[in-house]
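Trainee: The sequence and its predicted three-dimensional model are supplied below.
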Amino acid sequence: MVSILGISAFYHDSAACLVVDGEIVAAAQEERFTRVKHDHNFPLNAARYCLSEVKLLAEQLDYVGFYDKPLLKFDRLLETYLDYAPSGFSSFLKALPLWMKEKLWMPDLIRTELGKAGGETDERAAKKLGKKFEWKLLFGDHHESHAASAFYPSPFEEAAILTIDGVGEWATSSIGVGKGNEITLLKELRFPDSLGLLYSAFTYYTGFRVNSGEYKVMGLAPYGAPKYVSIIKDKLLEIRDDGSLKMNHEYFSYSQGLRMTNGAFDKLFGGAPRKPESLITQKEMDLARSIQVITEEVMLKMTQFAHKETGMKKLCMAGGVALNCVANGRVLREVPFEDIWIQPAAGDAGGALGIALAIWHRYLGNARLSPEQSGTWQAARPAGKFASNTTQSNGRKSAGTENHLTAYADGMKGSYLGPRHSEEEIEKFLQSRNLPYKKYSREALPGVVADLLATGKIIGLHQGRMEFGPRALGGRSIIGDPRSPEMQSAMNLKIKYRESFRPFAPSVLREQVTDWFELDADSPYMLLVADVAASQRRKMTAEEEALWGIDKLNIRRSEIPAVTHVDYSARIQTVRRETNPLYWEIIEAFRQKTGCPVVVNTSFNVRGEPIVCTPEDSYRCFMRTEMDYLVLETCVLDKQERPAFVETRDWRKEFKLD
Ligand SMILES: [Fe+2]
């Protein structure tokens, strides 16, 4: 048995991932355990959890992989500083102690930290055996780790690989090819020219937090007009036909300082950046739309270039920008790849998974298992299809309707790679707190939850293993009825305590996706955006059409208004029974009751809080908000029957707003 622990840390979204004999057995982000969103510290808790999943001690690991190369990163920091010196001296000085203390001494640090992962038992065992940790420590390139996370778990034998993010060591985007167990990176775009940093600059300027507010900018875009596209193209950057971009760094300050943009940028767009939490105006909406248009253009050109350059028929993507699901939807529809697959933990957390798989396949030379061999039961394929390479993914051209519902098979296990809490643990927790609950049989539960949904109740759903990556996929989700016109603002304001413009995502039965959305493919990780099907839309009146911006939000646009954005788009999660049986059965029971195979799915947390992990986190979030019911596996809690929930602190101050 060969066990490999992958780690990403010290930038944002620290995570650990355990791969045993090539199989991803566990992966989790540190924030879920420490309850600090985007926690960047060493992922000790996540590593400890991963090891516990297979009862392994840290000293029994064979390899530990770190997702990037600190020395190269330091090289970039130093060189960039020298390029711009003396400007940027203060931020350089600020960064230096951390580098001297932690990042440059990474091997020692990792050994010391991991020494704590097994707790006392581990140290005792190590002492008893009279040996030190013998595992080998390996460092991967940042974009290679992203590329490995995109290709190795994908369902493709061979594919083009595109990684796009802010910056790693030097690269900000890379194009490569994966074949069997080999990955070759062919081209890279280098810092400071970066699509990710460009998007982050606009995130900063529109008053959201860099490295976490980017998806808010994407959500705001449909309310705006692309007014600033020509200014951006004239002044800020040149987009070449191959998707590479040359930025005009007179307008940006991320190379020298801690701000993303500078006075010249402010002047160009008519004022200082919006103050976080102040009123969002039409200007921010127009800026959001404009940078989204630019991003889509660059991504389409990059993917077209990757298609031409590699000659591959399939595409895999990772890196933070691959979370831009609106752009992904366009890539799927407009670029001639037959199929695309996107790593659900596309940001830096996924680097932990990438480096672990890269060690298994590239360093150790192990072959990739085809999905048919990957140890899970697959639905039988129609005769004659077995040998062909038609594995389903979230792509579009799945060769005719007869093949559409064959098993979805990638190596991610639906991204349900985190902790699961047993019925016993849950009941023990509930009883220890004297909390009233009703326990249902597994068979009865979907019907019970569907009944509650159909009567407009909002439900916290905690079941199965926690998701790896930024999206809740029915393991730690808040769900509701998408047909209700009030659901979107009720969930935003009473449950999530967040901006009312933010749309919710639909979870839809895979079997019914084409009846409700303009999508005929799997989108298991909520990484593709497509429009609500024309047949489900409601025609707006002329007056309603004329409304603009946020005013349009309250207009009922479809049969499922809570998940339909102002431009009719939706960020879709398709659900298969084999990947998440209970979630599928709940939606199926809801369909039988209402005719609608869709539920609203939003992550189980309040604004600024990491997604819940344990039953205790779920219960706390349930009590702090106006959710009606909490489902903890088969135990159901009714808010009406709650004992008084006393809190001495103001929890709204507990989480920094994101
Ligand atoms: Fe990255």
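Mentor: Alright, I've got the coordinates.
Trainee: CA atoms for contacts and neighbours, from now on please.
Mentor: Noted.
Trainee: So, low pLDDT: which residues of this structure?
Mentor: Within the chain, the segments meeting pLDDT under 70 span 71-106, 117-133, 256-258, 369-408, 499-501, 547-554, 642-658.
Trainee: how far does the longest helix that it contains sit from the chain's center?
Mentor: Across the chain, the helix with the greatest residue count (assigned by DSSP state H) is helix 282-310. Distance of helix 282-310 from the chain centroid (C-alpha atoms, centre = their mean, to the nearest Å) equals 19 Å.
Trainee: Can you spell out which helices and strands pack onto that helix?
Mentor: Here helix 282-310 touches strand 158-164, strand 171-179, helix 195-205, helix 214-220, helix 229-231, helix 325-334, going by 3 or more C-alpha pairs under 8 Å, 6 or more residues apart in numbering; DSSP states H and E.
Trainee: Could you say which of the ones you listed is packed most deeply?
Mentor: Among the helices and strands packed on helix 282-310, ranked by average contacts under mean count of other C-alpha atoms under 10 Å, first place goes to strand 158-164 (a mean of 29).
Trainee: Following element in sequence after the longest helix of the chain, please.
Mentor: Sequence-wise, the next helix or strand downstream of helix 282-310 (DSSP states H and E) is strand 314-318.
Trainee: Run the angle between that next one and strand 158-164 for me.
Mentor: Counting by axes from the mean of the first three to the mean of the last three C-alpha atoms, to 10 degrees, strand 314-318 points 30 degrees away from the direction of strand 158-164.
Trainee: Each with direction, which strands does strand 314-318 pair with?
Mentor: In the sheet, strand 314-318 lines up against strand 158-164 (parallel), strand 339-342 (parallel) (DSSP bridges).
Trainee: Quick check, central residue of the chain?
Mentor: Pro470 (3.2 Å; C-alpha atoms, centre = their mean).
Trainee: pretty sure that residue is touching Ala349, no?
Mentor: No: assessed by C-alpha atoms under 8 Å, Pro470 is found out of contact with Ala349, at 9.1 Å.
Trainee: How about the residue nearest to the centre of the chain: what's its closest non-neighbour residue?
Mentor: Once flanking residues are discounted, Pro470 sits nearest to Ala345: 6.6 Å by C-alpha to C-alpha, 6 or more residues apart in numbering.
Trainee: residues in contact with Ser507?
Mentor: Neighbouring residues of Ser507 by C-alpha atoms under 8 Å, 6 or more residues apart in numbering: Ile572, Gln573, Thr574, Val575, Val598, Val599, Val600, Asn601.
Trainee: before we move on, what about Gln343?
Mentor: Gln343 sits next to Ser149, Ala150, Pro153, Ser154, Cys316, Met317, Ala318, Gly350 when contact means C-alpha under 8 Å, 6+ apart.
Trainee: residues near the closest residue to Asp410 other than its chain neighbours, how many?
Mentor: Of all residues not flanking Asp410 in the chain, Pro155 sits nearest, at 4.7 Å (C-alpha to C-alpha, 6+ apart). A count of nearby residues for Pro155, using other C-alpha atoms under 10 Å, gives 27.
Trainee: how close does Pro155 get to Lys314?
Mentor: Taking C-alpha to C-alpha, to the nearest Å as the measure, Pro155 falls 10 Å from Lys314.
Trainee: Which neighbours do the two have in common?
Mentor: With C-alpha under 8 Å, 6+ apart, Pro155 and Lys314 have no common neighbours.
Trainee: ok, the nearest residue to Tyr497 once chain neighbours are set aside to Ile495 distance?
Mentor: Nearest residue to Tyr497, sequence neighbours excluded (C-alpha to C-alpha, 6+ apart): Arg607, at 6.0 Å. Distance of Arg607 to Ile495, computed by C-alpha to C-alpha: 9 Å.
Trainee: next one: Pro615
Mentor: Separation of Pro615 from Ile495 (C-alpha to C-alpha) stands at 18 Å.
Trainee: What count of nearby residues applies to Lys428?
Mentor: Residues near Lys428, counting by other C-alpha under 10 Å, number 12.
Trainee: Arg240 now?
Mentor: Neighbour count for Arg240, taken as other C-alpha under 10 Å: 12.
Trainee: show me what contacts it?
Mentor: Arg240 touches nothing, counting by C-alpha under 8 Å, 6+ apart.
Trainee: what separates it from Arg289, distance-wise?
Mentor: Per C-alpha to C-alpha, Arg240 is found 21 Å from Arg289.
Trainee: And stretch 338-352, end to end?
Mentor: End-to-end distance of stretch 338-352 (C-alpha to C-alpha): 28 Å.
Trainee: who touches His143 in this structure?
Mentor: Thr163, Gly168, Ala171, Thr172, Ser173, Ser174, Gly319.
Trainee: Return the closest of the residues you listed with respect to Tyr440.
Mentor: The nearest member of those to Tyr440, counting by C-alpha to C-alpha, is Gly319 at 41.6 Å.
Trainee: wait, doesn't the closest one sit right on Ile161?
Mentor: No: between Gly319 and Ile161 there is no contact under C-alpha under 8 Å: 10.8 Å.
Trainee: re the thing from before, quick check, the residue nearest to the centre of the chain in a strand?
Mentor: No: counting by DSSP: H, G, I helix; E, B strand; the rest coil, Pro470 is located in no strand; its state is coil.
Trainee: so how far is Glu59 from it?
Mentor: Using C-alpha to C-alpha, Pro470 is found at 30 Å from Glu59.
Trainee: cool, and Ser244?
Mentor: The gap separating Ser244 from Glu59 is 45 Å, by C-alpha to C-alpha.
Trainee: Not counting its neighbours along the chain, what's nearest Leu189?
Mentor: Leu189 sits nearest to Ser173 (C-alpha to C-alpha, 6+ apart), 5.2 Å away.
Trainee: Does the nearest residue to Asp567 once chain neighbours are set aside belong to a helix, a strand or coil?
Mentor: Once flanking residues are discounted, Asp567 sits nearest to Pro222: 6.1 Å by C-alpha to C-alpha, 6+ apart. Secondary structure assignment for Pro222 (three-state DSSP): helix.
Trainee: Met285 versus Pro222, what's the distance?
Mentor: 8 Å.
Trainee: And His249, by the same measure?
Mentor: Plainly put, His249 is 24 Å away from Met285 if you go by C-alpha to C-alpha.
Trainee: who has more neighbours, these two?
Mentor: More crowded of His249 and Met285, by other C-alpha under 10 Å: Met285, with 24 against 15.
Trainee: quick one: that one and Met218 touch, right?
Mentor: No: assessed by C-alpha under 8 Å, Met285 is found out of contact with Met218, at 9.7 Å.
Trainee: hang on, the earlier thing: Arg510 is nearest to which of the strands paired with strand 314-318?
Mentor: Nearest of the strands paired with strand 314-318 to Arg510, taken as C-alpha to C-alpha: strand 339-342 at 16.4 Å.
Trainee: And the next helix or strand after that closest one, how far out from the chain middle?
Mentor: Using DSSP H and E, the helix or strand that follows strand 339-342 towards the C-terminus is helix 349-358. Mean-position distance between helix 349-358 and its chain equals 14 Å (C-alpha atoms, centre = their mean).
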